[in-house]
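Novice: Sequence isn't available, so here's the structure alone:
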């Protein structure tokens, strides 16, 4: 991190901070009240934040204050109000995070807002008179409003229960109004403004979608603590219009199986009509169904799927391997992590035994990108090649692979919007033809 004085040569820049750990990401922000610049050095599972007064002109060495030294497994994020730092953290075994405060130059943290076991804080926004907390309760979004004068906290009643909540760009510090947006399967993105002093919610822009059809396809991600949000997706409408049921599962692998079993047992669908889709790490989750419960599914759509985690995590030379150890484990040094990966890895479990134990497999549509730096192109290639090699002639499932020579993990290439529409059309056609022949 360098300090640059506008109008001077870059060679005159002052080195403020240097992070030597390659597994740590560094970014700079400013506190909401404008008092401090923050230097945030974060890994996947730990944080270290330094602050510098914004009025410092760097004619002398910067008075850098370290909020708290790095502790493995402890994350924290810092903002400032008057003479107090407000810190979102998972310290003291607060797995679902809590909000604490500390006076300037103090290392003592005091709890402000803590969570119950079924609640989680996801973001915090500071204002002159209030703190707004965005989180979840029982998997559903919630907003809490904390009065800094009375220290009383109340919940904001949302206009929709089942929705995706998106905080607005609330740049103004000295205001009692906060804006946020929500989307749902039956509502385009709609914006609301909440008066924190009067507790009045006012719609700014509301766009409902009127539809009597029910959603029908299993979709999940199942990694990094990321929920599968109930958002608006226009590409779902070709399925909705055909009477599909779209089921969103906030789960890991065995939970995904439980959800699929529930859908079948409740007569909402049957194994001949149940499909699933997953992207990236979600492709690993859905891909695991291929060997764990292929009897439950008719077709699986795997987009740039992470289907060979063991080979990836055994190779520290790959771009993200060492950074991802806190999430997946290090099979090179931990035998338990190695054994666990062999159980759920889709690639490792495709062999002669799979077809001896099963009478059917779901059809597969797998995508990959030659320029993908997160999930290497050889992962979907290896999966499909191994599956085609071992599948006996008596199995009637289809295995399709689409490898884009000009695509990265998040798309790319020419005519991005047009190519995306073609991709969605092909994928939906695959699902429809497998279930509604």
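Specialist: Looks like it came in fine. All of these numbers come straight from a predicted model, not from anything done at the bench.

Novice: the strands in the stretch 151-300 of the chain, which residues?
Specialist: Assigned by DSSP state E, counting those that start in this stretch, the stretch 151-300 of the chain shows strands spanning 153-156, 164-167, 177-184, 187-195, 200-205, 218-219, 247-248, 275-279, 299-303.

Novice: Put together CSV for these, with mean neighbour count and mean pLDDT on each row.
Specialist: Yep, even glycine has a C-beta here, placed from its N, CA and C like the rest. Formatted as CSV, these follow (neighbours: other CB atoms under 10 Å; pLDDT from 0 to 100):
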stretch, mean neighbour count, mean pLDDT
strand 153-156, 14, 97
strand 164-167, 18, 95
strand 177-184, 20, 95
strand 187-195, 17, 90
strand 200-205, 11, 93
strand 218-219, 23, 94
strand 247-248, 20, 90
strand 275-279, 24, 96
strand 299-303, 26, 97
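
Novice: quick one: which of the ones you listed is nearest residue 23?
Specialist: strand 275-279 (24.6 Å; CB to CB).

Novice: so what's residue 74 up against?
Specialist: Residues in contact with residue 74 (CB atoms under 8 Å, 6 or more residues apart in numbering) are 46-47, 68, 89-91.

Novice: cool, residue 116 as well?
Specialist: Here residue 116 is in contact with residue 137 (CB under 8 Å, 6+ apart).

Novice: quick check, it in a helix?
Specialist: No. Judged by DSSP: H, G, I helix; E, B strand; the rest coil, residue 116 forms no part of a helix; its state is coil.

Novice: Which elements pack onto the lowest-mean-pLDDT helix or strand in the chain?
Specialist: Here the helix or strand of the chain ranked lowest by mean pLDDT, DSSP states H and E is helix 237-240, holding a mean of 85. Counting contacts by 3 or more CB pairs under 8 Å, 6 or more residues apart in numbering; DSSP states H and E, helix 237-240 packs against helix 416-435.

Novice: buried stuff in the helix it packs on?
Specialist: 419, 423, 427-428, 430-432, 434-435 (16 or more other CB atoms under 10 Å).

Novice: what packs against that helix?
Specialist: helix 237-240, strand 275-279, strand 299-303, strand 363-369, strand 399-404.

Novice: Residue 111: which of the ones you listed is closest?
Specialist: strand 275-279 (37.6 Å).

Novice: Partner strands of that closest one and their direction?
Specialist: strand 218-219 (parallel), strand 299-303 (parallel) (DSSP bridges).

Novice: Let me have the helices and strands packed on helix 416-435 in CSV, extended by distance to residue 194.
Specialist: Formatted as CSV, those follow (distance: least, CB to CB, whole Å):
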stretch, distance to residue 194
helix 237-240, 31
strand 275-279, 33
strand 299-303, 37
strand 363-369, 41
strand 399-404, 43
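
Novice: Minimum distance to residue 328: which of the ones you listed has it?
Specialist: That would be strand 275-279 among the helices and strands packed on helix 416-435, by CB to CB, at 16.1 Å.

Novice: Distance from the closest one to the middle of the chain?
Specialist: How far strand 275-279 lies from its chain's middle: 16 Å, per CA atoms, centre = their mean, to the nearest Å.

Novice: How about stretch 296-303?
Specialist: 21 Å.

Novice: and if you look at stretch 93-106?
Specialist: For stretch 93-106, the distance to the chain centre is 23 Å (CA atoms, centre = their mean).

Novice: before we move on, the earlier item: name the nearest of the buried residues of helix 416-435 relative to residue 62.
Specialist: The closest of those, once distances to residue 62 are taken by CB to CB, is residue 419, at 47.2 Å.
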